[in-house]
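[1] Provided below for reference: sequence and predicted model.
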Amino acid sequence: MRIGELAARTGVSVRSLRYYEEQGLLVSVRSPSGQRHYPEAAADRVAFIQRLYAAGLSSRTILEVLPCAESPSEENSDAALARLAEERDRLSAHIDELVRTRDALDAITETARAYRERLLAREEAASCGDRQVVRA
């Protein structure tokens, strides 16, 4: 399939597919006219690459772990396992940081909400006091 068809099937831009090739993540065969042609399996590979990007992996890390997915061997598996463990630790630390940030935002939100409620209560009390003065 040509690059436009691969882009349409995967929802990935042509520019991204070219980038994947530049990084060694995706391989095409060139026609005599220079057009890129991809095998049917390229769509699955692109989907896998997208999942790895979504998990926060860099193109360099993806390139390191792809051999394990494509041609598992003891050497590939050991290297991929070590690299994936590093990435998992990095992601876990990032998640912990995000949870702390979310908790801080929750505390700030609660403080702001309580302050706002106190202001509204004062305004209501003041407007009730004004009404009493007018009636008297």
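    Thanks, I have it.
[2] what about this structure, any weak spots by pLDDT?
    For the chain, the stretches with pLDDT under 70 are 129-136.
[3] same for the helix or strand encompassing residue 95, what does it pack against?
    Element membership for residue 95 (DSSP states H and E) is helix 74-135. If contacts are counted by 3 or more CB pairs under 8 Å, 6 or more residues apart in numbering; DSSP states H and E, helix 74-135 sits against helix 59-70. Yep, even glycine has a C-beta here, placed from its N, CA and C like the rest.
[4] Specify the angle between the helix holding residue 95 and helix 59-70 in degrees.
    Interaxial angle, helix 74-135 versus helix 59-70 (axes from the mean of the first three to the mean of the last three CA atoms, to 10 degrees): 130 degrees.
[5] Quick check: residue 9 vs residue 55, distance?
    Here residue 9 is placed at a distance of 22 Å from residue 55 (CB to CB, to the nearest Å).
[6] My error: substitute residue 45 in the last question.
    16 Å.
[7] More neighbours: the two, which one.
    Per other CB atoms under 10 Å, whichever of residue 45 and residue 55 has more neighbours is residue 45, with 20 against 13.
[8] quick one: the residue nearest to that one when sequence neighbours are not counted from residue 43, how far?
    Using CB to CB, 6 or more residues apart in numbering and skipping residues adjacent in sequence, the residue nearest residue 45 is residue 26, 6.4 Å away. Note on residue 26: its distance to residue 43, by CB to CB, is 11 Å.
[9] Of those two, which one has the most company?
    residue 26 (22 against 16).
[10] quick one: secondary structure of that one?
    Under DSSP: H, G, I helix; E, B strand; the rest coil, the three-state class of residue 26 is coil.
[11] Need phi/psi at it.
    phi -140, psi 140 (degrees, to the nearest 10).
[12] so which strand or helix has residue 48?
    Short version, using DSSP H and E: residue 48 is in helix 42-54.
[13] Could you list the residues in contact with that helix?
    Helix 42-54 is contacted by residues 1, 6, 9-10, 12, 17, 20, 25-26, 28, 59, 61-62, 65, 69 when judged by CB atoms under 8 Å, 6 or more residues apart in numbering.
[14] what separates the helix holding residue 95 from the chain centre, distance-wise?
    20 Å (CA atoms, centre = their mean, to the nearest Å).
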